[in-house]
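Trainee: Dropping the sequence and predicted coords here.
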Amino acid sequence: MARRQVALQHTSLPATSEPDGTFRASVADELASTVEHLLTTRYAAERLAEEVPATRLVQTVTSESLLAELAAARQAQGHQSVSRGAEPEPTQRSGSSIGKLFALGCIAVVVLVVACKSPLRDYVPSPLRDQVDSALARLNVR
């Protein structure tokens, strides 16, 4: 404890406009609250460790135990599982093939226009490049 008091006396404390006694009292209050917090958390952790049972039940899960639990759950639900099984679940389609083809075509056109307006213009075949240039000229796009 003496080392801590000496360490507190030798540390450089920020200059404040408060009187020296008030500053020391606030430092002491802060130190007391920190110690109280540490002790509270330590004892709370110890109490939680005591509440946890020392022996834990280890259960091996096998396919048979899972099937038995599934059968018990189905019996507990009663006739609900029968009615759900009779109705086929609707399949969700992500879209028609025509919609997918249209989207792919739009993406191809955009990529072609960007390629014709970029330094990669020389790599685009001239008939395609001429078609893109004439279409962009009709739309007044530079």
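Mentor: Right, received. Where do you want to start?
Trainee: which regions of this structure lie under the pLDDT threshold?
Mentor: 1-19, 52-58, 79-90, 92-94 (pLDDT under 70).
Trainee: hey, where'd the helices end up in it?
Mentor: 2-10, 20-51, 63-77, 80-86, 97-116, 126-138 (DSSP state H).
Trainee: In JSON lines: those helices, plus mean neighbour count.
Mentor: (Each C-beta comes from the backbone N, C-alpha and C, glycine too.) JSON lines is the format used below for those (neighbours: other Cβ atoms under 10 Å):
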{"stretch": "helix 2-10", "mean neighbour count": "9"}
{"stretch": "helix 20-51", "mean neighbour count": "10"}
{"stretch": "helix 63-77", "mean neighbour count": "10"}
{"stretch": "helix 80-86", "mean neighbour count": "10"}
{"stretch": "helix 97-116", "mean neighbour count": "11"}
{"stretch": "helix 126-138", "mean neighbour count": "12"}
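Trainee: Thought residue 113 was touching residue 132, still the case?
Mentor: Yes - assessed by Cβ atoms under 8 Å, residue 132 is found in contact with residue 113 at 5.9 Å.
Trainee: gap between stretch 132-142 and the chain center?
Mentor: Counting by Cα atoms, centre = their mean, to the nearest Å, stretch 132-142 is centred 45 Å from the centre of its parent chain.
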